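Asks: Predicted model and sequence below, questions to follow.
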Amino acid sequence: MSKLVVTGGQKLRGEITVEGSKNAVLPILAATVLNDGISVIKNCPRLSDVETMLEILEKVGCKVSFEGDTITVDSSTMNSTEIPEDLAVEMRSSIIFMGPILSRFKKVTISYPGECVLLLAHFLNEKTLPNERNFQ
């Protein structure tokens with residue numbers, strides 16, 4: 001593990017740029033569903049999981065743009081509560097769309113995230129899952 005050791009009586013001065021974090025931006029992207037309007041997120045990393053999240057947002061009807069390190073999501077055009085299976089199984093973190101979509105639309109359809117039945121069972125606090133679950 002690397003570390004930074006500062007010794008002496010000098011005050012530190014200067015600036016650093018903090019890189020965007022995938023683990024921070026993924027839940028923020030899911031939360032844009034709640035806004036029912038335009039959300040602008042800056043300092044976003046260009047990673048495959050981020051691109052997949054943007055694809056999910058587009059498939060449920062949101063307008064999305066990714067220019068430089070800034071993502072703009074307009075969720076006012078969202079017209080679906082179904083997360084496409086091919087995208088949901090691509091990454092386990094697709095499950096984080098469940099809460100915001102349920103909160104806004106009172107229903108959601110999602111397959112096992114990342115093909116992980118145990119993750120969904122844990123999330124729903126169930127020992128076993130039927131093929132279909134009604135959340136209304």
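Replies: It's in.
Asks: can you pull out the strands in this protein?
Replies: Counting by DSSP state E, the segments of the chain that form strands are 38-41, 63-67, 70-74.
Asks: for those strands, which one sits closest to residue 108?
Replies: Among the strands of the chain, the nearest to residue 108 by Cβ to Cβ is strand 70-74 (17.6 Å). In this view, the C-beta of every residue, glycine as well, is placed from N, C-alpha and C.
Asks: Look up the pLDDT of the most centrally placed residue in the chain for me, please.
Replies: Nearest to the geometric centre of the chain sits residue 26, at 3.0 Å (Cα atoms, centre = their mean). Residue 26 carries a pLDDT score of 94 in this model.
Asks: per-residue pLDDT, residue 10?
Replies: On pLDDT, residue 10 comes in at 81.
Asks: Tell me how many other residues crowd it.
Replies: 7 (other Cβ atoms under 10 Å).
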